[in-house]
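Novice: How does the following fold in three dimensions:
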Amino acid sequence: MKKKFNNPTTRVIVSIILGIILGVFVCFMAIRSGYTYVKGSSLTEYSVNIFGLTIFDIQKVGNEFKGTPNNSNMMFIGIIFSMVLAIVTEVVIALKNRKRKEGDK
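Specialist: Model prediction:
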């Protein structure tokens, strides 16, 4: 299984996909906690923010809550997670490879 991830292209693609999944999960949890927060308070409007970016607006309409997504900010969050995960993965692998080469000398 380790052989599959020796190819940098494969590693970056996997990192990007995992970063997008992680970004979706983080947005989902933030939106869910936003609904929990607004339902437990007397607010009629609430904006869910991640890293200062509004990803979802919740408004009380009558007795129910309606949400409006900000898709471009959610996509940006996914891109940020993808880039960070890809960079961290490559840095960790480069450091491991450097230690192996130093140990072989």
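Novice: Going by C-alpha atoms from here, please, whenever you check contacts or count neighbours.
Specialist: Will do.
Novice: Gly34: how many residues sit nearby?
Specialist: 19 (other CA atoms under 10 Å).
Novice: what packs against the helix or strand where Ala30 lies?
Specialist: Assigned by DSSP states H and E, Ala30 falls within helix 8-40. The contact analysis (3 or more CA pairs under 8 Å, 6 or more residues apart in numbering; DSSP states H and E) places helix 8-40 against strand 45-50, strand 53-61, helix 71-104.
Novice: The closest residue to Tyr35 other than its chain neighbours and Leu95: what is the separation?
Specialist: With CA to CA, 6 or more residues apart in numbering as the criterion, Tyr35 has its nearest non-adjacent residue at 7.3 Å, and that residue is Ile58. According to CA to CA, to the nearest Å, Ile58 stands 44 Å off from Leu95.
Novice: about what we covered before: so in terms of bridging, what pairs with the residue nearest to Tyr35?
Specialist: Tyr46, Gly67 (DSSP bridges).
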